[in-house]
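> What would the 3D arrangement of this be:
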Amino acid sequence: MQERPIDNNYLDFINRLSDSLQSHGLTTAYIRTYGCQLNLSDSEKIKGILQSVGIEPTDNELEADIVVINTCAVRHTAETRVFGHIGRLKDRFTKHKDKLLMIGGCMVQQPHIVKQIAASYPFVGILFSTNNLSALPNLILTRLMTGRMTFDSYPDSYEIDESIPLSREKTYRALIPIMYGCNNYCTYCSVPFVRGPERSRNSRDISREFNLAIEDGFKEIMLLGQNVNSYRNNINDETNNFAELLNELCSNPSDYRVRFMTSHPKDAGIPLFETIGAHHQISRTIHLPLQSGSDNILSAMNRKYTSAKYLERINEARAIIPAVNFTSDIIIGFPGETEADFNATLELVRTVKFYSLFIFIYSKREGTKAALLEDDTPYQVKVRRLMELTEIQNEISLEYDRALIGSEQKAIATNQKDESQTELRLDNNSVITVDGLHRVGDFHIVIPTAIENRRLIGEIKQ
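Predicted coordinates for the structure are as follows:
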């Protein structure tokens with residue numbers, strides 16, 4: 001577990017809480033995370049907090065004394081899965097009131113969701129905000145003392161607490177948030193409402209965590225933020241923006257790979273691309289969400305760029321960074337999307353030639369401006385558009401993979417697939433399977449030799 005400094009008063013409180021947990025027979029916890037990489041990072045902090053009070057993690061939900069569900073509110077389908085998960089736990093936590101069910105994350109930042117949980121799922125013990133994780137120990141103690149459902153869904157402030165203990169998953173990748181929240185207010189998105197306004201971590205804290213992660217053996221560092229290009233340092237030093245932060249971090253001479261997400265097209269630009277081009281450690285694959293190729297829809301989404309400006313960003317990057325790849329997000333069926341709007345998206349996808357796309361059907365989010373718009377596109381039309389775009393993108397992705405056959409690529413081992421094969425991840429995030437067992441986290445030079453079921457097969461260069 002990676003520790004950050006904790007003051008003595010806090011340690012005294014933690015010791016009291018630990019004693020109370022032990023007296024209640026609560027010793028193990030299972031954490032289920034829904035949603036994005038930032039949620040996964042939050043769950044590592046939740047695990048760190050629980051371990052700091054003597055609660056050990058377990059992969060067995062049925063045997064855990066404490067179950068934590070860290071939720072996502074980006075799409076309705078995510079919320080549906082969470083409610084299904086909570087419902088499946090009803091019998092267990094109704095019968096075993098000595099156990100504890102905790103719900104956190106973006107869903108419980110929404111008042112209508114909190115009311116729904118309180119009314120329909122009274123066996124839930126704690127609703128907590130991942131924007132204020134430092135309050136979690138006190139919430140647990142309050143629940144143990146009162147036996148009542150305890151709430152802290154709406155923090156009074158959004159200060160960044162660097163004292164929260166952190167327990168990383170033992171994989172090849174370390175997740176490091178550099179900022180939280182969002183000020184963009186895209187009309188379809190609930191993130192500004194559930195994650196709060198933009199606030200950036202001090203570069204010194206980021207650098208300390210970055211270097212410690214590399215020292216601990218992590219080979220891939222993922223820098224996280226709702227819009228990393230909006231990063232602004234909060235202290236008076238020489239690191240003032242995201243490009244400068246990347247320059248500072250990449251002064252570490254070790255062997256590692258840096259990725260980041262997510263970028264906003266209105267803020268990404270030449271300084272960022274020049275920084276990527278200057279450092280071999282930074283991935284040449286940039287995730288740059290497009291959302292739509294139609295200027296009408298982009299305006300309705302409040303994305304603050306046009307399709308021409310987006311394409312300008314792509315061309316700037318390709319002029320500066322050798323062999324750069326782009327991935328992106330597309331929303332299908334935003335309210336008012338016509339066939340002409342959709343065709344504009346298809347045209348831009350064909351022009352840019354993304355390596356891969358994450359394609360979603362529009363999901364209405366309560367409290368957003370888009371939720372007030374008439375959604376007049378039949379669902380069957382949305383599905384047809386999604387399938388059409390998916391087919392086009394699959395062909396583009398296949399072209400890229402075919403071009404890799406016979407080339408030498410640096411890849412990191414990510415998973416021992418079975419007793420005889422290993423999966424590795426290329427810089428472009430493609431997964432390649434090779435024979436033999438190789439230690440997770442090690443870099444290798446691989447040679448793709450074939451494509452089977454849209455997956456790369458290859459060998460490690462000897």
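> For burial, what's the neighbour tally of Thr306?
Residues within reach of Thr306, counting by other C-beta atoms under 10 Å, total 14. Where C-beta positions appear, they are placed from N, C-alpha and C, glycine not excepted.
> how much space between the residue lying closest to it once chain neighbours are set aside and Phe342?
Distances taken as C-beta to C-beta, 6 or more residues apart in numbering place Asp295 nearest to Thr306, at 5.0 Å, with adjacent residues excluded. Distance from Asp295 to Phe342, counting by C-beta to C-beta, to the nearest Å: 13 Å.
> ditto for Glu274
As judged by C-beta to C-beta, Glu274 and Phe342 stand 35 Å apart.
> Settle it for me: which of these two has more neighbours?
Remark: of Glu274 and Phe342, Phe342 carries more neighbours, 24 against 15, as counted by other C-beta under 10 Å.
> Look at the more buried one and give its secondary structure.
Three-state call for Phe342 (DSSP: H, G, I helix; E, B strand; the rest coil): helix.
> Do I have it right that it meets Lys382?
No. The pair Phe342 / Lys382 is not scored as a contact, 9.5 Å apart, by C-beta atoms under 8 Å.
> Please enumerate the shared neighbours of the two.
Ile332 (C-beta atoms under 8 Å, 6 or more residues apart in numbering).
> Just name the shakiest helix or strand of the protein by mean pLDDT.
Ranking every helix and strand in the chain by mean pLDDT, DSSP states H and E puts helix 8-23 at the bottom, with a mean of 82.
> Whichever helix or strand comes after it pairs with which strands, parallel or anti?
Note on helix 8-23: by DSSP states H and E, the next helix or strand toward the C-terminus is strand 28-33. Partners of strand 28-33 in the sheet, by DSSP bridges, are strand 56-57 (parallel), strand 66-71 (parallel).
> Packing partners of the lengthiest helix in the chain?
Secondary structure of the chain read by DSSP state H shows that its longest helix is helix 379-404. Helix 379-404 is packed against strand 325-332, helix 339-352, strand 356-361, strand 443-452, with contacts defined by 3 or more C-beta pairs under 8 Å, 6 or more residues apart in numbering; DSSP states H and E.
> Quick check: Ser299 vs Gln226, distance?
When distance is defined by C-beta to C-beta, Ser299 is 21 Å away from Gln226.
> now Glu169
For Glu169 relative to Gln226 (C-beta to C-beta), the value is 22 Å.
> So these two - more neighbours on which side?
Neighbours per residue (other C-beta under 10 Å) separate Glu169 from Gln226, with Gln226 holding more: 22 against 13.
> Which residue is the nearest non-sequential neighbour of that one?
Cys182 (4.0 Å).
> For stretch 425-439, the averaged confidence score.
Stretch 425-439 shows a mean pLDDT of 96.
> which parts of it are buried?
For stretch 425-439, burial by neighbour count (16 or more other C-beta atoms under 10 Å) applies to 425-428, 430, 432-434, 438.
> ok, now stretch 219-233?
Buried, per 16+ other C-beta under 10 Å, within stretch 219-233: 219-231, 233.
> do the same with stretch 398-406
401, 404.
> for stretch 170-190, same thing?
The neighbour-count check on stretch 170-190 (16+ other C-beta under 10 Å) flags 172-182, 184, 186-190 as buried.
> all strands of the stretch 201-350 of the chain, in order?
220-224, 257-261, 285-287, 325-332 (DSSP state E, counting those that start in this stretch).
> Against which helices or strands is the helix or strand harbouring Gly458 packed?
Per DSSP H and E, Gly458 falls inside strand 455-460. If you count contacts as 3+ C-beta pairs under 8 Å, 6+ apart, strand 455-460 packs onto strand 431-435, strand 443-452.
> change it to 10 Å
Contact analysis of strand 455-460 by 3 or more C-beta pairs under 10 Å, 6 or more residues apart in numbering; DSSP states H and E lists helix 379-404, strand 409-416, strand 421-426, strand 431-435, strand 443-452 as its packing neighbours.
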